[in-house]
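Engineer: no sequence on this one, just coordinates:
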């Protein structure tokens, strides 16, 4: 199984697992300040470093900048080397290349760093600034040393190839396409995104790799409780949705029992085994980070991979 992955042309090799920080400072979806506090997040940050996980994925819109601010504080207090990935949101009124520079400046200020490992376009919106102008603005920042690698997020295969071409004209590789990818969201294997990523040497950063907790085994139709927050909007969390999920959880439990691992660790390990995938599960506590880290350092058999593949084919 992959033990390290490189982001971009000359990037440091990192463990094939990161931490997603959408919930860091987000009160709207994740009840930050009510269900958990900055002290919990700092403990999660420290647990990640202790487990050898050094990639943290954030964005300017997470908690309206609070996620970046918290991550910046934690980095200042620990002084451990980390790889920060953040994102630019192409909002309608950002119609000139200078908007990219301004947004990056604000992100770097909140993070308290002079450069980030990865800067991603959060959504493939064109609006008034076309893709070519956007990619050129990002390539300028690579040349100025403020970002080390360029990524996109939620790009189709065609959009990814176009972005890759524009960047290649500047001598800069496209490093990442961040996509929703889990055993319950395998569309990128069917719609050409995964194949394009492999063809172009692009890493898939997999967000929601545990399907917001569905693959942990915590939610079942037998002990059904109405979910809260963002989960209550997802029909997969309904009682009927959980009944359909039962064979998947049973398969994850079976493989997990053979390796002394949890369903979540098996689900993440399966993604990592695809070779060009870095899952970035969210984590709000140290125990969640330690749970996620159990996906590293072991491999399931090809037969076990195939069994999990077969039982999750309805989600292709």
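Structural biologist: Nice, I can see it. Nothing here was measured: the structure is a model prediction, and the numbers come from that model.
Engineer: Next, count neighbours for the nearest residue to residue 34 once chain neighbours are set aside.
Structural biologist: With C-beta to C-beta, 6 or more residues apart in numbering as the criterion, residue 34 has its nearest non-adjacent residue at 7.7 Å, and that residue is residue 27. Every C-beta, even on glycine, is put in place using the N, C-alpha and C of the backbone. By the criterion of other C-beta atoms under 10 Å, residue 27 has 12 neighbours.
Engineer: For residue 66, see how far away residue 27 is.
Structural biologist: 8 Å (C-beta to C-beta, to the nearest Å).
Engineer: Please apply the same query to residue 106.
Structural biologist: In terms of C-beta to C-beta, residue 106 sits 13 Å off from residue 66.
Engineer: who's more crowded, those two?
Structural biologist: Between residue 106 and residue 66, counted using other C-beta under 10 Å, residue 66 has the larger neighbour count: 19 against 13.
Engineer: Wait, that one touches residue 24, no?
Structural biologist: Yes - counting by C-beta atoms under 8 Å, residue 66 does reach residue 24; the two are 7.0 Å apart.
Engineer: where does the stretch 101-250 of the chain have low pLDDT?
Structural biologist: 126-128, 221, 224, 226-233, 238 (pLDDT under 70).
Engineer: Look up the closest residue to residue 295, ignoring the ones flanking it.
Structural biologist: residue 268 is the one closest to residue 295 (C-beta to C-beta, 6+ apart), at 3.5 Å.
Engineer: Are we agreed that that neighbour is in a strand?
Structural biologist: No - checked against DSSP: H, G, I helix; E, B strand; the rest coil, residue 268 lies outside a strand; its state is helix.
Engineer: in terms of contact, does residue 237 touch residue 220 like I think?
Structural biologist: No - contact criterion C-beta under 8 Å: residue 237 and residue 220 do not qualify, at 11.0 Å.
Engineer: Which one's more surrounded, these two?
Structural biologist: residue 237 (21 against 13).
Engineer: who's in contact with residue 137?
Structural biologist: Residues in contact with residue 137 (C-beta atoms under 8 Å, 6 or more residues apart in numbering) are 97, 98, 100, 101, 129.
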